[in-house]
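>>> Task: produce atomic coordinates for the following.
(chains A and B)
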Amino acid sequence: MIAPEYPGAVAPERSFRVDCDGIHLQIYEWGDPNGEPLLLAHGLWDTGRGFDTLAPLLADRFRVVAYDARGHGNSDQVDTYTWPSDLRDQRLLIDWLAAPVRLVGHSRGGNTLLDTASLFPDGVVQVVSIDGFGPPKGGFKLPGEEDYEPGDPAVEMAEYLDARRRLASRPAAWRPRKQFDDLVERRAAQNPRLPPGWLRYFAYHCAKQTPEGWIWKVDPRTTHGFGPFRPDWIAPRWRSLKAPMLAITGDTVDAFGPCDDETLTERLRFIEHSERAVVANAGHFVHMERPTETARLLLDFLAS
Amino acid sequence: MIVDLRHDEQRLALEQLRDGDGVPLLLIHELGGTRGDWDPAALDWEGPLWAIDLAGHGDSDWLISSAYSPERFTADCDIALAHLDEPTALAGAGAGAYVALLLAGARSDSVLGAALFPGAGLHAGGEQLEGTTGVLPLPERGDPTNDRCDPRLCVLAGAPRPVDYATSFARRARRIVLVPPETAAPAWWTAVRGAGPSVHEADAHSALRALRG
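Numbering: from 1, shown residues only, chains lettered A, B, ... in the order given. The predicted structure follows:
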């Protein structure tokens, strides 16, 4: 299959893997390798190639460094996935960059970068989160799904333990899709706002063909959770964030965000220096839907 | 007798330290400890004694991911519980005490109660971070030159929970026996002490007797 093209999408100028204390993470870079580093973190089930339209717009000013999170894309698949392990990887990547760094993350990538910058503030100059502030109070949900109702954590723990017991006897696996277009169609159903041409480009770089069919390059174990969780537990830890933070959201609600204004305000009040920006006609995937507008906001904020 | 259990792709070591008549007692060591830390002769328990090495400790596999968490440890112990397949009591030390609390609350159908002893990692989870790094200090024997445990266990505390998280488990557990630590107790411990009629306090010598009720 010939690699699809997409207007404005630029493949990384450099691509290699870095050993993060035993786990190899895939790195993609654009711009001057000696420039000031800007680290990009993608969301759950995406990869660093999801920044192919945004990164080139920032590369005149920064050494733009995107990476595939553990279990995603071309990074190592490991044995277990937890929130703290993503923070550990980000901390090690910041150490590896060995320079004051600016952080930009989308969705889970934005949320984890906020936590990383809160827990390990050394060397972090500024942080931008693109719709990565935890799920809405009713949880992330696809059209037709019910709101999430928090229950007793002990009951939720029992459900988590049941899932771990099942996993002990039956390893997780994705169902392969016979045709590449089937995979794109499946993703389009989950992210209906993303342009079909972009989805084909994105899926090509985030999936692989196996003898059984096409599958996402994401370890299915990333879906098995890490125990009981409440959106309300997220924001209080941002009290220790010292770096200035920009919160970018779209103005249109889709399956994965943004949170309603009241919820977002409630969470951001824990951050000492925060600004907000809203991109018009964008849903959760702000940087994919509106890369030019997102880049303009980023360059303005990061120059301040 | 050592039993090899599997949790996902990892090996977990579970050892029967002593046979006996009655309810089995599953022992969960402290952070940086191993199943060998328990002295069967010092334990006032008539039933079989079983001890587990948590992931990253002793003869259990180290996680390639370093994704250690109290919840993951709880799942390790739950795999052991499934293996024992009968009503069981728990005793944990330090981080193992916190894990025993979570398991006693989540599996109150099969866990008869849990005795929570002080030890390394007692602060694991259950607290909001307040200007801390969120990284637990490892006990000295967690030093990388010591092969008793994975030195990367220090990522453990990156996802703290509020104290009412711990109390929700205490309220569902059939019986919790708290052994007071000599130093300041973590906030979750203090909250659990007031969680209800299923929670009792005892000194280290009488804790297992108190667990039997």
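
>>> what about the longest helix in chain A?
helix A:153-169 (DSSP state H).

>>> Can you name the next helix or strand after it?
Note on helix A:153-169: by DSSP states H and E, the next helix or strand toward the C-terminus is helix A:180-190.

>>> related to what we said a few turns ago, now the longest helix of chain A: buried residues?
For helix A:153-169, the buried set under the neighbour-count rule, 16 or more other C-beta atoms under 10 Å in any protein chain shown, comprises A:153-154, A:156-158, A:160-161, A:164-165, A:167-168. From N, CA and C alone the C-beta is placed, and that goes for glycine too.

>>> buried sites along stretch B:43-55?
Buried-residue list, stretch B:43-55, by 16+ other C-beta under 10 Å: B:43, B:45, B:47-55.

>>> Look up how far B:L116 lies from the spatially most central residue of chain A.
Nearest to the geometric centre of chain A sits A:G43, at 1.6 Å (C-alpha atoms, centre = their mean). Plainly put, A:G43 is 38 Å away from B:L116 if you go by C-beta to C-beta, to the nearest Å.

>>> so what secondary structure elements neighbour the longest strand along chain B?
Secondary structure assigned by DSSP state E gives strand B:10-18 as the longest strand of chain B. Applying 3 or more C-beta pairs under 8 Å, 6 or more residues apart in numbering or on different chains; DSSP states H and E, one finds that strand B:10-18 makes contact with strand B:2-7, strand B:49-52, helix B:70-84.

>>> Apply 10 Å and report the result again.
strand B:2-7, strand B:25-28, strand B:49-52, helix B:70-84 (3 or more C-beta pairs under 10 Å, 6 or more residues apart in numbering or on different chains; DSSP states H and E).

>>> Can you dump the C-alpha atoms of the longest one in PDB for me?
What that stands for is helix B:70-84. Only the C-alpha atoms of helix B:70-84 are listed here, as PDB (Å, rounded to 0.1, in the frame of the first residue of the first chain):
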ATOM      1  CA  PRO B  70      -1.000  -0.400  45.200                       C
ATOM      2  CA  GLU B  71      -3.800  -1.500  42.900                       C
ATOM      3  CA  ARG B  72      -1.400  -3.700  40.900                       C
ATOM      4  CA  PHE B  73      -0.100  -5.300  44.100                       C
ATOM      5  CA  THR B  74      -3.700  -5.900  45.200                       C
ATOM      6  CA  ALA B  75      -4.300  -7.700  41.900                       C
ATOM      7  CA  ASP B  76      -1.200  -9.800  42.600                       C
ATOM      8  CA  CYS B  77      -2.600 -10.900  45.900                       C
ATOM      9  CA  ASP B  78      -6.000 -11.500  44.400                       C
ATOM     10  CA  ILE B  79      -4.400 -14.000  42.000                       C
ATOM     11  CA  ALA B  80      -3.100 -15.700  45.100                       C
ATOM     12  CA  LEU B  81      -6.500 -15.600  46.700                       C
ATOM     13  CA  ALA B  82      -8.000 -17.300  43.600                       C
ATOM     14  CA  HIS B  83      -5.400 -20.000  43.900                       C
ATOM     15  CA  LEU B  84      -6.200 -20.700  47.600                       C
END
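
>>> Return the list of strands paired to whichever helix or strand comes after that helix, each annotated with direction.
Downstream of helix B:70-84, the first helix or strand assigned by DSSP H and E is strand B:88-93. Strand B:88-93 has its sheet partners listed here by DSSP bridges as strand B:25-28 (parallel), strand B:111-117 (parallel).

>>> Can I get these in CSV including mean pLDDT?
Output for those, formatted as CSV (pLDDT from 0 to 100):
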stretch, mean pLDDT
strand B:25-28, 98
strand B:111-117, 98
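
>>> Serialize those strands to a markdown table and add fields for mean neighbour count.
Listed next are the strands paired with strand B:88-93 as a markdown table, based on neighbours: other C-beta atoms under 10 Å in any protein chain shown:
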| stretch | mean neighbour count |
| --- | --- |
| strand B:25-28 | 27 |
| strand B:111-117 | 26 |
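
>>> Where does the prediction get shaky in chain B?
B:124-160 (pLDDT under 70).

>>> Closest to the centroid, which residue in it?
Closest residue to the average C-alpha location of chain B: B:G96 at 2.0 Å, with C-alpha atoms, centre = their mean.
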